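Participant: using only what follows, build the 3D model:
(2 chains)
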2 protein chains.
Amino acid sequence: MKFVIKKEDLYNGIKIVERATSIKALQPVLLNIYIETVGTNAVKLIATDLDMTIITTVDAQVEEEGKITLPSKTLNEIVSKLNDNLVTFEMAKDETVVHVTCKKSKFDIIGISADEFPKECSNIETNEENCFEIPVKTLTKAVRQAGFAAATFENSTLLSGIVFALSENQLEVASTDGNRLARVREKITNSKEGLLIIPARTINEFAKICSFIDEDTVKIYAETNRIILKTLKTTTISRLLEGQFPQYNRLIPTDCPKVAIVNVNQLISAIDRVSVMIDDKKCFAKFEFTNNNLRISADTPDSGKSEENIDIDYTSEDLTIAFNHKYILEALKNIDSDEVKIGLNTTLSATVLKPNSEEDFVCLVMPVQIR
Amino acid sequence: MKFVIKKEDLYNGIKIVERATSIKALQPVLLNIYIETVGTNAVKLIATDLDMTIITTVDAQVEEEGKITLPSKTLNEIVSKLNDNLVTFEMAKDETVVHVTCKKSKFDIIGISADEFPKECSNIETNEENCFEIPVKTLTKAVRQAGFAAATFENSTLLSGIVFALSENQLEVASTDGNRLARVREKITNSKEGLLIIPARTINEFAKICSFIDEDTVKIYAETNRIILKTLKTTTISRLLEGQFPQYNRLIPTDCPKVAIVNVNQLISAIDRVSVMIDDKKCFAKFEFTNNNLRISADTPDSGKSEENIDIDYTSEDLTIAFNHKYILEALKNIDSDEVKIGLNTTLSATVLKPNSEEDFVCLVMPVQIR
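Facilitator: Below you'll find the predicted structure:
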């Protein structure tokens, strides 16, 4: 194996695939990036943690074909520190060491044979029938807005997944951890129906990769137990979660008897200030909606009290309700609108937060019961 | 107690004194900032961890005199989050709670009585006879350049201190941890002689505080067992370390038989690249000085090898020597010159690094013995 590659191209490629390298090394080879020459003008990079696989192709001038796996961390560190120049990779005769040279810098990196890298992960045979195509921006925005509510606990329950519900010309993305829920609906060109539950980690990593990808659309292949996200040079493969996801749409009230319109930035800074006196154990703030005023307050026996008042648009009956302030903050930070429409009912009812605009985005937060 | 204060003045004052608040709370009151009104136009803030005390005065409009201590962390968090406006502090009748108001934000902060705050720490009676005055810039530069070599282990041995050696019109600052040494000499106006060993933490914190202080000179009062650093509004008091500091000046060779002149930035990036393959346990790189060339290399059995060659100015006999690369990097980063003059002798001799300029700064690094 011998090839010459541009430092920035290689660095970009490593940045894309390294997101799939294993954190806990069940097998040492999963800490490595698989490198293989493709024809005379490209090199393929692959990384996998067995749940998720990322494959990308990088331009290179191939002088001798070959393949190997090299430690992701070492490779990343070396490439990031090189002078901006052409880098040469050349395999030593024993096929486990690669000589890397760049100007007056030389490295011998010890790798692991390419044969030890799991092959089944990088099977990218796809069926065009299962495919739909959407703009990268639409996908990343939907995942950011509606993916934050997924459960973060380690054990991979269904709630740690993000739902992609497909219907004619619509993609619905939703997540819930049981205490809160986020859902967004985007118009797309699609004729298939179905519900995919994608592990939150995979789709979040894909959203991050998108910042390194210079393309407008992504092709999504939904198979029985895996999903493939494909752009021109990069392919991400993830297993799907299987099971019956909660019927979340039934939980969202269609009509709320009390509605408050509040400036999003004002509300975020008010909650942020009140949070100084929020007890880490109890973790809630009190929200008192009265005539065109919202009073937010907190009280910790050892530290003291905090209180904020903000002008809002509210003319319904007075209501006092308490929330985990972090859930409200996260919902607000994902609203791309100046004002939020807060739909209330009783002290114990799920509360609805929507942008005060045409956008089809909704967050549901369960209140905390107070005496 | 009641006063009105500008948010930014208060925030600046907190940022200065909080560096002395205790990290481990032996007494809860040491986590607090002491606040006391001074006349009708100022408020005094004090924090201490019993080793070091910082006192600063902040402009304020005092309406009612009084004093209290408030938790540093809570106070900092609240003030940093307030809208940019006037803030009112008012003590409640029971004298343990302070009401803080700023526009529509209200806080009740629970404090601890000012009587519980250690008084002896804030004794700032000084004797002008023990005083010398130096530019703030000279002090902070000297501490940065010659303070990094102090021992960082927890137990407060003498080596964890930074030496201030005073002689007529000269301040010498030095530190050593036994493996390396840094020394800088600055011309000042002074007629006293003596040697002060200041805990590194205190003098480093003072150097950081200087960025918040808008003054050109600092008065230093050297007493038997403490040092006082005084600017117009801020006073820092620290205990001194007592004992016989090593005769470090005797260790610095006055003449080196072999001398290399090397570009500092080239050397830093070369060592940085080589470091990818430096074994964390052995922690050294090999330096081979040959005719106008420096080869730096490292070798880790599991990961691989690295090698760099740089053009240097060297015509003495060939020499191979090994160093803990971190010591060399730290020395180089404190050299304010484009070129470093490296004074060598044998493979086991202490090596001298000096800026290739007129500046009186020197670093000594002990080599690592290799087979």
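
Participant: contacts, neighbours, all on C-alpha from now
Facilitator: OK.

Participant: roughly how far apart are residue A:42 and residue A:35?
Facilitator: Residue A:42 sits 11 Å away from residue A:35 when distances are taken as Cα to Cα, to the nearest Å.

Participant: next: residue A:161.
Facilitator: Counting by Cα to Cα, the gap from residue A:161 to residue A:35 is 31 Å.

Participant: of the two, who's got more company?
Facilitator: The neighbour comparison of residue A:161 against residue A:35 (other Cα atoms under 10 Å in any protein chain shown) goes to residue A:161, with 29 against 19.

Participant: gap between that one and chain B?
Facilitator: Note on residue A:161: its distance to chain B, by Cα to the nearest Cα, to the nearest Å, is 35 Å.

Participant: give the full set of residues in contact with the spatially closest residue to that residue that is not a sequence neighbour.
Facilitator: If you skip the residues right next to it in sequence, residue A:161 has residue A:199 as its closest partner in space, 4.3 Å away by Cα to Cα, 6 or more residues apart in numbering or on different chains. Counting by Cα atoms under 8 Å, 6 or more residues apart in numbering or on different chains, residue A:199 touches A:160, A:161, A:162, A:238, A:239, A:240, A:241.

Participant: report the rounded mean pLDDT for whatever helix or strand residue A:47 lives in.
Facilitator: Using DSSP states H and E, residue A:47 sits within strand A:42-48. When pLDDT is averaged along strand A:42-48, the result is 96.

Participant: chain center to that strand: distance?
Facilitator: With Cα atoms, centre = their mean, to the nearest Å as the basis, strand A:42-48 stands 22 Å off its chain's centre.

Participant: what is that strand packed up against?
Facilitator: In this structure, strand A:42-48 makes packing contacts with helix A:7-17, strand A:32-38, strand A:52-59, strand A:61-64, judged by 3 or more Cα pairs under 8 Å, 6 or more residues apart in numbering or on different chains; DSSP states H and E.

Participant: 7 Å instead, please
Facilitator: Other elements packing on strand A:42-48 under the criterion 3 or more Cα pairs under 7 Å, 6 or more residues apart in numbering or on different chains; DSSP states H and E are helix A:7-17, strand A:32-38, strand A:52-59.

Participant: okay, the angle between the second one and helix A:7-17?
Facilitator: In this case it means strand A:32-38. 130 degrees (axes from the mean of the first three to the mean of the last three Cα atoms, to 10 degrees).

Participant: listing partners with orientation, what would you give for strand A:32-38?
Facilitator: strand A:42-48 (antiparallel), strand A:67-71 (antiparallel) (DSSP bridges).

Participant: need the winner for burial among these.
Facilitator: Neighbour counts averaged per stretch over the strands paired with strand A:32-38 are highest for strand A:42-48, at a mean of 25; criterion: mean count of other Cα atoms under 10 Å in any protein chain shown.

Participant: sec struct for residue A:88, please.
Facilitator: Reducing the assignment to helix, strand or coil with DSSP: H, G, I helix; E, B strand; the rest coil, the entry for residue A:88 is strand.

Participant: ok, it - contacts?
Facilitator: With contacts taken as Cα atoms under 7 Å, 6 or more residues apart in numbering or on different chains, residue A:88 has the following neighbours: A:3, A:4, A:5, A:100, A:101, A:102.

Participant: distance-wise, check it relative to residue A:74.
Facilitator: The separation that residue A:88 has from residue A:74, given Cα to Cα, amounts to 16 Å.

Participant: could you pull out the helices in the stretch 251-371 of chain A for me?
Facilitator: A:264-274, A:325-333 (DSSP state H, counting those that start in this stretch).

Participant: quick one, which of those helices is nearest to chain B?
Facilitator: If you check each of the helices of the stretch 251-371 of chain A against chain B by Cα to the nearest Cα, helix A:264-274 wins as the nearest, at 6.0 Å.

Participant: which elements pack onto that closest one?
Facilitator: Where contact means 3+ Cα pairs under 7 Å, 6+ apart, helix A:264-274 is packed against strand A:304-311.

Participant: mean confidence for the strand it packs on?
Facilitator: So the average pLDDT for strand A:304-311 ends up being 96.

Participant: check which helices and strands that strand sits against.
Facilitator: Using 3+ Cα pairs under 7 Å, 6+ apart, the elements in contact with strand A:304-311 are helix A:264-274, strand A:293-300, strand B:105-110.

Participant: in JSON lines: those, plus mean pLDDT and distance to residue B:311.
Facilitator: Written out in JSON lines, the entries for the helices and strands packed on strand A:304-311 read as follows (pLDDT from 0 to 100; distance: least, Cα to Cα, whole Å):
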{"stretch": "helix A:264-274", "mean pLDDT": "96", "distance to residue B:311": "56"}
{"stretch": "strand A:293-300", "mean pLDDT": "96", "distance to residue B:311": "64"}
{"stretch": "strand B:105-110", "mean pLDDT": "96", "distance to residue B:311": "63"}
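
Participant: list the residues that contact the residue of the stretch 251-371 of chain A found nearest chain B.
Facilitator: Closest to chain B within the stretch 251-371 of chain A is residue A:306: 4.3 Å, counting by Cα to the nearest Cα. By Cα under 7 Å, 6+ apart, the contact list for residue A:306 reads A:274, A:277, A:297, A:298, A:299, B:106, B:107, B:108.

Participant: need the contact list for residue A:368.
Facilitator: Contacts for residue A:368 (Cα under 7 Å, 6+ apart) come out as A:322, A:323, A:324.

Participant: the first one bridge partners, please.
Facilitator: Partner residues in beta bridges with residue A:322: residue A:286, residue A:368, with DSSP bridges as the criterion.

Participant: correct me if wrong: it contacts residue A:367.
Facilitator: Yes. Residue A:322 is in contact with residue A:367 according to Cα atoms under 7 Å; the separation is 5.6 Å.

Participant: quick one: distance of stretch A:165-178 to the chain centre.
Facilitator: Its chain's average C-alpha position is 15 Å from that of stretch A:165-178, according to Cα atoms, centre = their mean.

Participant: which bits of the stretch 101-250 of chain A sit near chain B?
Facilitator: Contacts of the stretch 101-250 of chain A with chain B, taken as Cα under 7 Å from any Cα of the partner chain, map to A:104, A:105, A:106, A:107, A:108, A:109, A:110.

Participant: what about 8 Å?
Facilitator: When proximity is defined as Cα under 8 Å from any Cα of the partner chain, the stretch 101-250 of chain A approaches chain B at A:104, A:105, A:106, A:107, A:108, A:109, A:110, A:111.
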